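In: I'll drop the sequence and a predicted model, then ask my questions.
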Amino acid sequence: MPTINQLSTIGEVNSADTLPVFDESNGDARKMSVLQLQDYIETNLDIADVGFLQAGAGAVERSVQSKLRDVVSVKDFGAVGDGVANDTAAIQAAITSMTNGSTLSFVGGATYLVTAPIVIPPSLTGCVFKGNGATIRANHNGDGLVMIATNQNFSRHKVYDLNVVGPNVSYPTNSAQLAGTSTGAGLRMGYNNTSNTVAGYLTAFYNCTFSNFYQGVYLQSTILVNFYGGYLVFNQYGLFVDGGQTNANNFYGIGIRENRIAGIYSSGRTGGSLSNATHNAFYGCEIETNIPYDSSAGGYPSTFDGSGVGVGIRLLNSYDWIFDGCYSENHNYGIWLGSSSDDNKFVNHRLAQGGAGGFRPDGIIIDGAAVNNNLFRDCKISNLTSTVGNVTINNASGTTNNKFLDCVGFVFEAAKLASYPYIQNNTKSQGSVDGTFFGALAAPPQGIINNPISGTAQGQINGIGTASATLNAFGVGEVLLGNQITGATTITSITNMRPGQLLVLGNYQITYPVTIQSSTDGITGIVLRDRQNAILSSYSDSITLYCSAVGKVIEVGRSLANSISTGTWTPTVANSGGTNQPLTTATGTWCRVGNTVTVWFNVVSSNNLSDASYYDVTSLPFTPQNAACVGIAGNQSNAANANQRTPHVIDAFASGAKLRVRVSPAADFQNADGFAGMAVYQV
């Protein structure tokens, strides 16, 4: 095959000059004019016969035609790119001609007017589209670029530097323009149905813009579609995720702004085999001023709108999304987490208010049921010029364990919090001007056991109604005792606490006391303050415990309604013969300090007391803990016998709750008309 090579210049050649030529067929040498040679080449030379040899060792010769077909240009199929000619058929023909792994090129700076969506064949795989800064302008109301793969075995394309622009007006001058005419997406990757069939896989977009459509980018059931740089602007929705297994898509440093309803919207669409959109991630993205604009109404709205329009990020039925190092500004709500949006994470996310006086606070709303376990860490709301709360929680029972950790500038206003999130170390910003101090540590709601039942599982009490019960505190932060306490209970052991764990025991029933029994040696059991038991018997009685580094359960503090209390009681008296005395009056008072009870009693008889070796005083106000007490009693009499006025010792309990006044000799009480005494015992 003859090859074309560049020859050294040997001087000007005129059309009338002749050149020596050689006819290989018969070995003849002859002369031919330049014009004759030109005519001959144009008539007989096939470009397929012209060879190309790449520089470098090992290069293999191939035809120039083969070389030129490495890259398909839309111009090869007649695309004009002047923004006036209809280039729809030419661009579509160029794409249809592509084979797997081939490249399509647009002319840099050109504008290609199209009147129908440009569709990438669903079975095409691994192609490269070089926009070179060109623009596809959709002169219709449908989609701009449709890239829907047959399944996950296809797509895997790369698109560079391509702008796709729809028919909507960038800055509307009336309400009709604000509503827009487009019903399509600048980029559609998804079937828009209720099937989980993967519509795009491992496709990447570099510095691409999708603007002036109903949706800038529409994704449904796409996996590992990545966007690097680029712009979603002047759409109704910048990014629209429509349910399905739209999972693990990543956005790096893209701008999402001036979209009229929302910047990022996850619809939470369900039905059929659709699942929740999961683990889509945004890194270093700008999400700004996604609010309506109508110049006939004064431009941007001048008042707050909480209807769902003008939102930076709105997620419904979305799990495990990540926003890391992103910037949000000038929205009614910067972040809106709706029903069943769980485990989403916002880290190093900055939000900034907008509008005169900050009436667009770019705040956070948690709205609807089952919005759980969302995390805001090291986030900041800045430039707040009012004290209006910028965190709103609308559901009292269906939102749990949403966490704000080490954040700056958030205003937590009680009237806007139907339930409290988990807040730790929220601080003010900008010279202690913006935000609410909130340094309290709240126990995660998942760690609360309400009304524990009898059993051995997590948060249960084994042995309710006995004097030897065990609480399993594995992973528990708070236990609220309720009507499952069916008898007086003494907790002697708390198991499965881990070093550093805090546990609050609170009482919300008064039918039966619950005693936390203290260790007496500080080695075994539960180590309580002053080695004194804690009795939870009144509403809101509580005790806080901590597990030390060596695994000991130690009391931090207690709040007991009966820590210091007083009252009266009516004693019952019987002597050693078991005879009840004909009492005129029997009165008593008591004082309780913690677990220590002091009782006073005064017994007056209408007849002289009988001769007895002891008298038992019963009907005590609190049941003694053990059979030991200390006390003293003295008899009352008008007699002159000094022995009748001698103090007598109360030194023990016999059986049950009895104060036994021992009389020795027994005759000391004979003819006495009563006696009085006091005793101190533990409960």
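Out: Done, it's in.

In: from what I can see Tyr512 touches Gly482, true?
Out: No: counting by Cβ atoms under 8 Å, Tyr512 sits too far from Gly482 to count as a contact (11.2 Å). Heads up, the C-betas are built off the backbone N, CA and C, glycines and all.

In: Break this structure into its domains for me.
Out: Following automatic domain parsing, the chain resolves into domains at 18-68, 301-311+335-442, 447-559, 564-682.

In: first to last residue in the third one, what's the distance?
Out: Distance between the two ends of domain 447-559: 21 Å, counting by Cα to Cα, to the nearest Å.

In: could you give the mean pLDDT of the helix or strand where Ala676 lies?
Out: Taking DSSP states H and E as the definition, Ala676 sits inside strand 674-682. Mean per-residue pLDDT for strand 674-682: 78.

In: Partner strands of it and their direction?
Out: Strand 674-682 pairs in its sheet with strand 596-605 (antiparallel), strand 628-636 (antiparallel), by DSSP bridges.

In: Can you flag the weakest of the ones you listed by average pLDDT?
Out: Lowest mean pLDDT within those: strand 628-636, a mean of 62.

In: ok, what's across the strand from Phe376?
Out: Phe346, Phe404.

In: when you give positions from now on, start the count at 887
Out: Yep, numbering from 887; the last one is Phe1262 now.

In: That one contacts Asn1230, doesn't it?
Out: No: using Cβ under 8 Å, Phe1262 is not in contact with Asn1230, being 9.5 Å away.

In: Tell me which residues of the strand holding Ala1562 come out buried.
Out: Buried residues in strand 1560-1568, counted by 16 or more other Cβ atoms under 10 Å: Gly1560, Phe1561, Ala1562, Gly1563, Met1564, Ala1565, Tyr1567.

In: how about TSV for these, with distance to Pro1385 added?
Out: Below are the buried residues of strand 1560-1568 laid out as TSV (distance: Cβ to Cβ, whole Å):
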residue	distance to Pro1385
Gly1560	59
Phe1561	55
Ala1562	53
Gly1563	49
Met1564	45
Ala1565	43
Tyr1567	37
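
In: Please name the residues that touch the nearest residue to Asp968 once chain neighbours are set aside.
Out: Closest residue to Asp968 in three dimensions, ignoring its sequence neighbours and counting by Cβ to Cβ, 6 or more residues apart in numbering: Thr997, at 7.0 Å. Going by Cβ atoms under 8 Å, 6 or more residues apart in numbering, Thr997 touches Gly967, Asp968, Gly969, Ala1020, Thr1021, Arg1023.

In: pLDDT score assigned to the first one?
Out: Looking back up the chat, that one is Gly967. Looking at Gly967, its pLDDT is 97.

In: Could you do the fifth one as well?
Out: pLDDT for Thr1021: 98.

In: mind listing what it touches?
Out: Ala996, Thr997, Tyr998, Asn1049, Val1050, Val1051.

In: Next, the residue nearest to Asp968: phi, psi?
Out: Backbone torsions of Thr997, given as degrees, to the nearest 10, read phi -120, psi 120.

In: Likewise for the one 5 residues further on?
Out: Here is the backbone geometry of Ala1002 (degrees, to the nearest 10): phi -150, psi 160.

In: residue contacts, the closest residue to it other than its chain neighbours?
Out: Among residues not flanking Ala1002 along the chain, Thr974 sits closest, at 5.2 Å (Cβ to Cβ, 6+ apart). Thr974 makes contact with Leu999, Val1000, Thr1001, Ala1002, Ile1004, according to Cβ under 8 Å, 6+ apart.

In: now Arg1023
Out: Gly969, Thr997, Tyr998, Leu999, Val1000, Val1051.
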